[in-house]
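Asks: show me how the following folds:
(one chain, ligands or ions: 1)
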Amino acid sequence: MGHSESKLHTDPSAYATPFVPELTSIVSDATKSKWRSYDYVIVGGGTAGCVLASRLSEDRNSTVLLLEAGESNEGKLFSRIPLAFERMLGSAHDWRYRTTPQEELHERTVEYPRGKLLGGTSSINAMIYQQCDPEDFDAWERQGASGWGSSTMEKYFQKMRKDGPKIATDLDLAPISKAFIEAAEQLGIPRKKDFNTSAGVVGAGAFHGAVDEKHDRSSTATSYLRPEVRQRPNLTIGVSVYTDRVLFTSGAGGSLRAVGVQVSTSRSGPKFAVGAIREVLMCGGVFGSPQMLLLSGVGPSQHLQELQIPVVRDLPAVGHGLLDHFCPGTIVFRARAGWTWDDVTQSQAHAGWALLRWLLFGTGPMSALCGQAAVFTPNIRSFRSLPYGPELPVKDMFSGPKAPDIEYLVFPMGIIDYGHGFPPRGNYGVSVGAILLKPSSTGTVKLRTSSVYDAPLIDGNFLADKSDLNALTKAVRLLLHLVRTPPLSEALDLRNYATKPENEDYYWIGDADPDKVSDEDIEAFIRKYGQSATHPTSSARMGTDPETSAVNPQLCVHGIQGLRVVDASVFPDQLSGHPCVPVIAVAERAADLIKGVA
Ligand SMILES: Cc1cc2nc3c(=O)[nH]c(=O)nc-3n(C[C@H](O)[C@H](O)[C@H](O)COP(=O)(O)OP(=O)(O)OC[C@H]3O[C@@H](n4cnc5c(N)ncnc54)[C@H](O)[C@@H]3O)c2cc1C
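Replies: Here you go, the predicted structure:
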């Protein structure tokens with residue numbers, strides 16, 4: 001058993017060993033024996049990392065060190081308020097990544113928010129609670145992720161209901177969100193009471209939220225790392241500390257073992273080492289985990305050599321196969337007064353009153369989700385009765401015959417550019433994200449430099465496969481029909497332009513006539529405004545073949561002992577929904593795998 005203590009630490013000398021000079025990636029047994037050591041070192045105190053820290057420290061004979069680059073989640077007001085989650089984006093608690101210029105988007109770079117605080121992205125996200133479609137996990141299993149099928153995942157979805165984020169099932173809905181659900185029903189899409197059942201997700205309904213009984217955010221930091229868990233003597237938490245890389249020993253026959261990590265608090269500041277007696281658990285998220293693996297010499301050898309990083313293990317799949325939900329921004333539809341919640345974003349008096357209501361009573365619009373309701377449509381290929389418009393070639397990417405491939409996510413107000421802007425006062429709108437759930441295009445995560453302090457190069461490679469653009473074009477056309485269906489049409493004040501009028505941008509493409517607008521006009525809109533729906537996965541995917549996957553179905557990095565990856569980067573494929581709850585379930589099962597009880 002290793003060293004043990006409790007509390008949150010900002011100074012690594014409280015839990016790690018200072019060292020000079022710089023270590024090589026492969027260290028000797030004599031060197032590592034001098035380090036302070038813990039049974040488990042968890043890198044990244046995000047969504048998955050907090051789950052592991054909590055579950056592994058349940059065994060009082062095991063010592064656990066959790067290392068997080070950001071600050072504590074405590075005292076961050078805007079992280080707590082459901083409707084105000086967008087205030088966290090672009091803040092000091094967001095990594096504020098951007099993609100490289102995207103060829104199919106007129107060389108625009110695309111924003112990539114990620115949480116940088118305890119709880120990680122579960123501390124800044126939109127709090128939509130969704131288990132996704134059972135067929136997603138059966139598809140994972142078919143792709144080689146044995147043991148991760150829907151029946152096993154269901155067991156962990158149930159387990160996390162006890163200690164994981166609280167679920168609010170009765171959150172307020174704006175009138176426009178209700179009208180959206182009713183219009184979808186009119187169009188022939190079934191109403192859904194609960195997106196978290198074995199019946200799958202196709203349908204129209206309101207989301208449940210990861211929100212507690214006081215109407216505060218319920219993240220993995222607030223749920224799994226409750227005060228009594230943080231006080232466990234065998235759990236140590238270091239915050240505001242970057243993990244630079246993993247350190248290894250090399251044994252007989254060249255066998256490799258992860259034995260610890262190097263950490264620091266600034267680019268040029270002192271370095272520390274900390275030992276892992278049993279395992280290093282990489283939970284840095286879809287960009288952080290591949291970045292740290294690459295910095296440790298684990299990844300495609302050619303890329304590592306370009307940066308003069310000694311190759312510890314050549315693994316081509318590290319940083320490759322990135323998948324994301326892509327959408328044409330939020331499409332804003334002109335609404336009539338009284339249906340939306342624009343007042344909260346446009347009037348300081350309304351916002352102040354809403355904040356006061358939330359602070360005093362936990363009620364009012366601030367206690368509700370921003371992305372309130374959704375329509376998950378049956379896949380484009382098989383459900384031809386919906387008005388998707390002219391035939392365009394689209395690949396069959398869906399997880400199974402009952403799974404969707406498009407989601408329409410509804411925000412009951414006008415939102416521009418991730419909430420960085422709102423329409424001027426007196427303009428009302430409903431914003432809808434038309435999200436491509438199962439893209440064909442894959443991207444990459446590579447190193448910019450050999451320092452963890454330089455953001456990685458993220459190339460979403462969005463729309464590289466024309467099938468993705470075609471699917472979204474059809475999805476936008478269907479949306480234009482959907483909003484012209486009663487009772488939603490009565491709440492909106494739409495024009496029906498065949499082409500884009502001069503000086504009109506904000507309400508275009510919502511004002512386009514679905515029967516007259518050309519595919520080319522829709523495509524132009526998608527290329528101009530398209531962005532990530534912020535659900536990237538699969539940058540260190542799970543599988544059996546070390547040529548095409550980074551970790552095996554036990555989540556162990558191929559060819560290295562004592563090193564697992566546990567976060568959204570191991571997903572073998574994209575999900576037909578929102579990924580946070582599945583990340584938590586993956587971490588729950590990972591904890592059982594590590595304990596040997598899965
Ligand atoms: C704006 C936004 C809204 C979203 N809304 C929803 C939603 O409503 N519902 C839903 O299901 N999903 C949502 N998601 C997605 C979901 O939250 C994420 O997919 C999920 O939380 C990712 O979990 P993770 O454990 O893989 O990574 P993260 O939670 O991002 O954890 C990674 C952690 O590692 C830390 N880290 C990284 N590098 C280092 C380093 N070098 N050293 C130390 N620490 C490091 C990070 O600071 C972070 O805490 C949203 C995402 C965003 C960005």
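
Asks: so which bits of whichever strand or helix holds residue 356 are buried?
Replies: Per DSSP states H and E, residue 356 falls inside helix 348-361. Neighbour-count burial for helix 348-361, with 16 or more other CB atoms under 10 Å as criterion, is recorded at 351, 353, 354, 355, 358. C-beta here means a position set from N, CA and C on the backbone, and glycine is covered the same way.

Asks: list just the nearest of those residues to residue 50.
Replies: Nearest to residue 50 among the buried residues of helix 348-361: residue 358, at 24.5 Å, using CB to CB.

Asks: surely the closest one meets residue 81?
Replies: Yes. Counting by CB atoms under 8 Å, residue 81 is a contact partner of residue 358 at 6.0 Å.

Asks: what do those two both touch?
Replies: Common contacts of residue 358 and residue 81 (CB atoms under 8 Å, 6 or more residues apart in numbering): residue 366.

Asks: can you name the residues that contact the residue in the stretch 401-550 of the chain positioned nearest to the ligand?
Replies: Distance from the ligand to each residue of the stretch 401-550 of the chain (CB to the nearest ligand atom) is smallest for residue 534, at 3.7 Å. For residue 534, the contacting residues are 112, 113, 125, 325, by CB under 8 Å, 6+ apart.

Asks: go through the residues you listed and flag which are in strands.
Replies: Counting by DSSP state E, the part of the contacts of residue 534 found in strands is residue 112.

Asks: who wins for neighbours among the contacts of residue 534?
Replies: The most crowded member of those, judged by other CB atoms under 10 Å, is residue 125 (26 neighbours).

Asks: let me know the pLDDT of that residue.
Replies: Per-residue pLDDT puts residue 125 at 98.

Asks: what's near enough to touch it?
Replies: Contacts here follow CB under 8 Å, 6+ apart; on that basis residue 125 touches 85, 115, 534, 580.

Asks: that one and residue 365, how far apart?
Replies: For residue 125, the distance to residue 365 equals 18 Å [CB to CB, to the nearest Å].

Asks: near the ligand, which residues of the stretch 401-550 of the chain?
Replies: By CB under 6 Å from any ligand atom, the residues of the stretch 401-550 of the chain that approach the ligand are 452, 534, 535.

Asks: can you add pLDDT and secondary structure and give the residues you listed back as JSON lines?
Replies: Shown next, in JSON lines, are these (pLDDT from 0 to 100; DSSP: H, G, I helix; E, B strand; the rest coil):
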{"residue": "452", "pLDDT": "98", "secondary structure": "coil"}
{"residue": "534", "pLDDT": "97", "secondary structure": "coil"}
{"residue": "535", "pLDDT": "98", "secondary structure": "coil"}
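
Asks: got JSON lines for these, with distance to residue 43 too?
Replies: Converted to JSON lines, those look like this (distance: CB to CB, whole Å):
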{"residue": "452", "distance to residue 43": "11"}
{"residue": "534", "distance to residue 43": "22"}
{"residue": "535", "distance to residue 43": "22"}
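
Asks: among the residues you listed, which one sits closest to residue 545?
Replies: residue 535 (25.0 Å).

Asks: dihedrals phi and psi, that closest one?
Replies: Dihedral angles of residue 535 (phi, psi; degrees, to the nearest 10) stand at phi -120, psi 50.

Asks: give the burial count for it, as a bare number.
Replies: 22.

Asks: what's the answer for residue 502, then?
Replies: Residue 502: 4 neighbours (other CB under 10 Å).

Asks: and residue 271, by the same measure?
Replies: When neighbours are counted by other CB under 10 Å, residue 271 comes out with 18.

Asks: now the stretch 251-400 of the chain, which segments are flagged as low pLDDT?
Replies: Applying pLDDT under 70 to the stretch 251-400 of the chain flags residues 380-384.

Asks: would you map the helices across it?
Replies: 285-295, 301-306, 342-346, 348-361 (DSSP state H, counting those that start in this stretch).

Asks: now do the third one: everything it contacts.
Replies: Residues from elsewhere that reach helix 342-346 (CB under 8 Å, 6+ apart): 83, 335, 350-351, 354, 365-366, 413-415, 422-429.

Asks: same thing but at 6 Å, please
Replies: 350, 351, 354, 365, 413, 414, 422, 425, 428 (CB atoms under 6 Å, 6 or more residues apart in numbering).

Asks: also stretch 351-369?
Replies: Counting by CB under 6 Å, 6+ apart, 81, 82, 83, 127, 171, 172, 207, 209, 214, 215, 341, 344 sit against stretch 351-369.

Asks: looking at those residues, which are in helices?
Replies: residue 344 (DSSP state H).

Asks: ok, the contacts of stretch 351-369 vs the ligand, which is closest?
Replies: residue 127 (5.2 Å).

Asks: count of residues packed around the closest one?
Replies: Residue 127 has 26 nearby residues by other CB under 10 Å.

Asks: and if you look at the one 3 residues further on?
Replies: When counting by other CB under 10 Å, one arrives at 23 neighbours for residue 130.

Asks: so what's it up against?
Replies: 195, 577, 578, 581.

Asks: and what of residue 188?
Replies: Residue 188 touches nothing, counting by CB under 6 Å, 6+ apart.

Asks: gap between it and the ligand?
Replies: 27 Å (CB to the nearest ligand atom, to the nearest Å).

Asks: check residue 346 too.
Replies: If you go by CB to the nearest ligand atom, the gap between residue 346 and the ligand works out to 22 Å.

Asks: before we move on, back to that, could you redo the helices of the stretch 251-400 of the chain as a markdown table and give each row distance to residue 189?
Replies: Shown next, in a markdown table, are the helices of the stretch 251-400 of the chain (distance: least, CB to CB, whole Å):
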| stretch | distance to residue 189 |
| --- | --- |
| helix 285-295 | 31 |
| helix 301-306 | 44 |
| helix 342-346 | 26 |
| helix 348-361 | 31 |
